[in-house]
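[1] Below: sequence and its predicted model.
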Amino acid sequence: MTSANEDQQGRRTFLKQMATVAGSAPLVPVLFGATAASAQTEPANPKEPSAHETERLAAYAAAMRYEDLPPAVLQRAKDCIIDAVATISFGAELPWSKMIIAYAQRYGSGGEAKSAILGTRGLKVNAPAAALANGALGHAFELDATTDPNSGTHPSATLFTSSLAVAQERGLGGRDLLTAFVAGGEAMYRIGYATKHSNETRGFHAPGTTGPFGAAVAVARLRQLDAAKMTNTLGIAGSLACGLLEFVSAGNGAMVKRLHLGRAAESGVLAATLAGEGFTGPSTVLEGEFGFLRVYCNEWDLPALTRGLGTEYFTKNITMKRYACHMTAQNPIEATQDLRELHKFSPADIGSILIAGDERVATRNNIPAPDDKMMAQYSVPFSVALSLYRDARDPRSFNDDAVVHDSAILDLASRIKAVRAVNQSRQDTTATVTIRLKDGREISRRVSSFKGTPERPLDQAELKEKFMLMTAHRDRAKMQAMFERLQHIEAEKMLDWIDL
């Protein structure tokens, strides 16, 4: 057994070694040694030669111009921004959001604060605090946009919130905001796709790890940083990536999930601001031996980091949710609603339901009896059962502390079995719902692209319907005017009017 004295001497020796090598020799050999045994399984990918992916991604984002962006890309970005304003407005009313708002106000006020926390009727704070608050509010109730195919990102809660905070602070306009949104997104989605979603198999909440990169690039683009400083921006953001999925395993503490997106947005402001002042980060933060992909992921797709740069825009993959629950529940709910419309049954007619989907449907999001409403939104069986008793398009159907004690919903959820479809990847959110009715009939529906995905986007009337539903607690005429003005945000020279 090691004595206290030996332990103290060991620490001193370690510190002396660190002092000797700092600034003159690589730290890793000292820490681990050439023969040290690893506690981790060797990643699936062998060591690949660097193609300067981080630097190439940075150069692409730094050079992006509004005039070069295709109209369809700009429209998708605008639709996402409109959706973001509405979801933040709704999220601001929730109790966990009010805690974050109070924190941001307490520590983010002072000076000439110009950045609005949406949904607070005029509260202004400094840009980092606004990004933190709006990012958390945007993700406060499982309403914010994602992508399809799944990239493990939430563009509205990370890109829009960080960009708006800095654009308002610096007096920038709509074209600046849209360009930053697209630049940050094109970097973030590629990083997300490069992870092959394996960061979540290691226990990280993917949007908390990818979000800082996207937010950082967006803010750096607003600040007009050159390629070298954009590279440093990414390098700094890599050390700010965070977010654990333990709330799923514990079955409690899901408030922290909302914080992951707020911290991602705030981290983007921090990274780009420091890089603008000359602060540096590793130029191989994504692809390097101890970079993001190798540290956070079990497997990865390195070429995905730069695939299609300048020719393919993943902004078009942005997906707007219809229901206030996890992405994995969107297709199952739509399939269930389609079946009810076609066959005219009631919940009382149902014997059992089988849902076949991706791995998450059968494991992490398979929570028939959630402990609270936040975990209820994360549960596929519970969300599907709720959709048969309440209007799932209205987030107020989920925003009820008593919902997890609703005996009818719980009873039906207990008769819903979720399984993994054979050979279905994590990027594929297709769901097949099979309902056995008590009269002996068995009916089935397969949905791959719910309404709101790139294949079936919301039209402007449907987008407005969602916007007005999310903002129903506010003055209707003002919200209609806000929607119309956001539709033409590219014409705006200032963005201080985006304030609810």
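    Okay, I see it. Residues are numbered from 1 along each chain as shown.

[2] Strands of the protein, residue ranges please.
    With DSSP state E as the criterion, the chain has strands at 115-116, 124-125, 146-147, 318-319, 350-357, 416-420, 431-437, 442-447.

[3] Nearest to Y378 among those strands would be which one?
    In terms of Cβ to Cβ, the element of the strands of the chain nearest to Y378 is strand 416-420, at 12.8 Å. All C-beta spots, glycine's among them, are computed from the backbone N, C-alpha and C.

[4] Pull the residues that contact that closest one.
    Strand 416-420 is contacted by residues 352-359, 361-363, 365-366, 368, 380-381, 384-385 when judged by Cβ atoms under 8 Å, 6 or more residues apart in numbering.

[5] Just to check, S162 is in contact with R221?
    No - counting by Cβ atoms under 8 Å, S162 does not reach R221; the two are 10.7 Å apart.

[6] Just the buried ones out of the contacts of strand 416-420, please.
    Buried by 16 or more other Cβ atoms under 10 Å: 353-359, 361-362, 365-366, 368, 380-381, 384-385, out of these.

[7] residue ranges with poor pLDDT in the stretch 1-150 of the chain?
    1-47 (pLDDT under 70).

[8] S162 and R221 - which one has more neighbours?
    Between S162 and R221, counted using other Cβ atoms under 10 Å, S162 has the larger neighbour count: 38 against 27.

[9] Find the nearest non-adjacent residue to that one, please.
    Closest residue in space to S162, ignoring its immediate chain neighbours: A215 at 3.8 Å, by Cβ to Cβ, 6 or more residues apart in numbering.

[10] number of nearby residues for the one you found?
    39.

[11] ditto for N423
    Residues lying near N423 (other Cβ under 10 Å) number 6.

[12] Tell me the pLDDT of it.
    Per-residue confidence (pLDDT) for N423: 91.

[13] Can you list phi and psi of it for me?
    When read as degrees, to the nearest 10, the backbone of N423 gives phi 60, psi 20.

[14] quick revisit: got CSV for the strands of the chain, with distance to A237 too?
    Listed next are the strands of the chain as CSV, based on distance: least, Cβ to Cβ, whole Å:
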stretch, distance to A237
strand 115-116, 20
strand 124-125, 22
strand 146-147, 19
strand 318-319, 21
strand 350-357, 32
strand 416-420, 33
strand 431-437, 34
strand 442-447, 35
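
[15] Could you identify the pair within the buried ones among the contacts of strand 416-420 that is furthest apart?
    Counting by Cβ to Cβ, the most remote pair of those is E359 and A385, 21.1 Å apart.

[16] Which of the strands of the chain sits closest to G281?
    Minimum separation from G281 across those (Cβ to Cβ) falls at strand 115-116, 24.3 Å.

[17] Please report how far I191 lies from N232.
    Applying Cβ to Cβ, to the nearest Å, the value for I191 to N232 is 16 Å.

[18] what about these two, which has more around it?
    I191 (32 against 26).

[19] so that one touches L305, yeah?
    Yes - in terms of Cβ under 8 Å, I191 counts as a neighbour of L305; the distance is 6.6 Å.

[20] if I look at the residue nearest to S162, how far off is A92?
    Distance from A215 to A92, by Cβ to Cβ: 20 Å.

[21] same deal with A369?
    29 Å.

[22] So for those two, which sits in the more crowded spot?
    Comparing A369 with A92 by other Cβ under 10 Å, the one with more neighbours is A92, at 25 against 14.

[23] Can you pull the phi and psi angles for that one?
    Dihedral angles of A92 (phi, psi; degrees, to the nearest 10) stand at phi -60, psi -20.

[24] who's in contact with it?
    K98, I101, I117, L118, G119, T120, L137, A140, L500.

[25] tally of neighbours for the last one?
    Right, the one you point to is L500. For L500, the neighbour count with other Cβ under 10 Å is 20.

[26] Where does pLDDT dip in the stretch 251-400 of the chain?
    Short version for the stretch 251-400 of the chain, where the test is pLDDT under 70: none.

[27] intersection of neighbour lists for I191 and L305?
    By Cβ under 8 Å, 6+ apart, the residues touching both I191 and L305 are L286.

[28] how about the nearest residue to the most centrally placed residue in the chain, chain neighbours excluded?
    The C-alpha lying nearest the average C-alpha coordinate of the chain belongs to H154 (Cα atoms, centre = their mean; 2.6 Å). Leaving aside its sequence neighbours, H154 sits nearest to P207 (Cβ to Cβ, 6+ apart; 4.6 Å).

[29] Hmm, E93 and H473 touching each other?
    Yes - using Cβ under 8 Å, H473 is in contact with E93, at 6.6 Å.

[30] Give the residue from those two that has the larger number of neighbours.
    Counting neighbours by other Cβ under 10 Å for H473 and for E93 shows that E93 has the greater number, 15 against 12.

[31] Not counting its own residues, what contacts stretch 363-371?
    245, 248, 251-252, 326, 328-329, 375-376, 378-382, 404, 410, 413-414, 416, 418, 420.

[32] residue ranges of the helices in the stretch 201-350 of the chain, please?
    Secondary structure of the stretch 201-350 of the chain (DSSP state H, counting those that start in this stretch): helices at 206-222, 227-237, 246-250, 255-276, 292-296, 327-343.

[33] Ok, the stretch 51-200 of the chain next?
    Remark: helices assigned in the stretch 51-200 of the chain by DSSP H, counting those that start in this stretch are 53-63, 71-91, 95-108, 127-138, 155, 161-170, 174-194, 198-201.

[34] Please identify which of those is closest to Y389.
    Minimum separation from Y389 across the helices of the stretch 51-200 of the chain (Cβ to Cβ) falls at helix 71-91, 21.2 Å.

[35] which helices and strands does that closest one pack with?
    Helices and strands touching helix 71-91, by 3 or more Cβ pairs under 8 Å, 6 or more residues apart in numbering; DSSP states H and E, are helix 127-138, helix 174-194, strand 318-319, helix 460-470, helix 476-486.

[36] Of the contacts of A92, which is the most crowded?
    L137 (34 neighbours).

[37] which residues touch that one?
    Contacts for L137 (Cβ under 8 Å, 6+ apart) come out as T87, I88, G91, A92, S97, I100, I101, I117, L118, G119, G262.

[38] Same question for L463.
    Taking Cβ under 8 Å, 6+ apart, one finds D79, I82, D83, M320 in contact with L463.

[39] Need the max-distance pair from these.
    Checked with Cβ to Cβ, the contacts of L463 reach their widest spread between I82 and M320, with 9.2 Å between them.

[40] just to revisit the earlier point, of the contacts of L137, just say which sits nearest to D176.
    Distances from D176 to the contacts of L137, taken by Cβ to Cβ, are shortest for L118, at 18.5 Å.

[41] Kind regards, and thank you for your time.
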